[in-house]
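Colleague: for reference, the sequence and a predicted model appear below.
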Amino acid sequence: MAELSSLSMTDKRAALASAIDRVADGDRHALKVVYDLTAAKLLGVVMHIARDREQAEDILQEVFLKVWHRAGRFDQAQASPITWLCAIARNTAIDSVRKSGRRAQVGEDVLPDIEDDAPRADQMLCSEEDSELLQQCLERLQDDHRRSIRMAFFRGYSHSELAERVGVPLGTVKSWIRRGLASLKGCLGGA
């Protein structure tokens with residue numbers, strides 16, 4: 001694992017893509033490589049949504065089981081390896097939280113203040129080179145738009161949960177998210 005930590009970002013991306021390809025061929029050692037390169041980041045993605053360490057660890061195990069079974073579906077032309085993995089982690093965490101009905105209550109000041117079918121917005125969440133640009137673009141949004149997007153994407157709230165949480169009509173929340181995502185798309189599209 002020490003050799004993995006010394007790789008450049010480009011080399012890590014290539015190693016990760018290669019490992020996912022080998023996982024698709026049933027290589028268990030390659031799954032360990034994927035785990036070593038991504039577990040900490042994916043646990044962070046899951047923790048933002050589940051907000052419970054024990055539940056997040058269970059979800060992370062489920063994520064890697066999905067990676068084992070779905071590695072053959074990975075297409076580098078569609079997404080970077082970490083983007084693909086983060087989408088699996090995010091979706092698995094949201095599904096798990098909704099199924100269990102458990103949502104730990106954490107104050108707004110503890111986690112950043114967003115579910116929508118916006119094109120590739122969730123892919124920006126895990127890309128290290130894009131995260132700074134994403135934060136800059138988020139900061140340019142109106143407060144209500146930014147908070148709604150963060151709660152839906154980073155915390156996994158549905159539109160109706162979000163409307164109830166912030167005390168506004170469902171249509172208002174949907175409008176805030178739609179407008180915010182359009183603004184994000186414009187801001188990120190220039191990059």
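Modeller: Noted; the coordinates are in hand. Numbering: from 1, shown residues only.
Colleague: any idea how far Gly180 is from Cys137?
Modeller: 10 Å (CB to CB, to the nearest Å). For glycine as for every other residue, the C-beta is placed from the backbone atoms N, C-alpha and C.
Colleague: need the contact list for Arg179.
Modeller: Applying CB atoms under 8 Å, 6 or more residues apart in numbering, we find Arg179 in contact with Gln142, His145.
Colleague: same thing but at 7 Å, please
Modeller: By CB atoms under 7 Å, 6 or more residues apart in numbering, Arg179 lies in contact with His145.
Colleague: Arg155: neighbour count?
Modeller: 23 (other CB atoms under 10 Å).
Colleague: and it, backbone torsions?
Modeller: phi -110, psi -10 (degrees, to the nearest 10).
Colleague: sorry, back to before: more neighbours, Cys137 and Gly180?
Modeller: Higher neighbour count among Cys137 and Gly180: Gly180, with 26 against 22, using other CB under 10 Å.
Colleague: walk me through the domains of the chain.
Modeller: If you go by automatic domain parsing, the domain ranges for the chain are 1-104, 106-191.
Colleague: quickly, which of these bottoms out on average pLDDT?
Modeller: The minimum mean pLDDT among these belongs to domain 106-191 (a mean of 72).
Colleague: and the longest helix belonging to the chain, what other elements does it pack with?
Modeller: If you go by DSSP state H, the chain has its longest helix at helix 28-50. If you count contacts as 3 or more CB pairs under 7 Å, 6 or more residues apart in numbering; DSSP states H and E, helix 28-50 packs onto helix 9-24, helix 53-70, helix 81-100.
Colleague: restrict that helix to CA atoms and write it as CSV.
Modeller: Taking C-alpha atoms only, helix 28-50 is exported to CSV below (Å, rounded to 0.1, in the frame of the first residue of the first chain):
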residue,chain,number,x,y,z
ARG,A,28,-9.6,-10.5,-5.8
HIS,A,29,-6.2,-8.9,-5.4
ALA,A,30,-7.3,-6.1,-7.7
LEU,A,31,-10.4,-5.5,-5.4
LYS,A,32,-7.9,-4.9,-2.6
VAL,A,33,-6.1,-2.4,-4.7
VAL,A,34,-9.4,-0.6,-5.4
TYR,A,35,-10.2,-0.7,-1.7
ASP,A,36,-6.8,0.6,-0.7
LEU,A,37,-7.0,3.5,-3.2
THR,A,38,-10.6,4.5,-2.4
ALA,A,39,-12.0,3.3,0.9
ALA,A,40,-11.2,6.4,2.9
LYS,A,41,-12.8,8.7,0.3
LEU,A,42,-15.8,6.5,-0.2
LEU,A,43,-16.4,6.2,3.6
GLY,A,44,-16.4,10.0,3.6
VAL,A,45,-19.1,10.1,0.9
VAL,A,46,-21.2,7.5,2.8
MET,A,47,-20.7,9.3,6.2
HIS,A,48,-22.0,12.5,4.7
ILE,A,49,-25.3,10.7,4.0
ALA,A,50,-25.6,8.1,6.7
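Colleague: how far off centre is that helix?
Modeller: 12 Å (CA atoms, centre = their mean, to the nearest Å).
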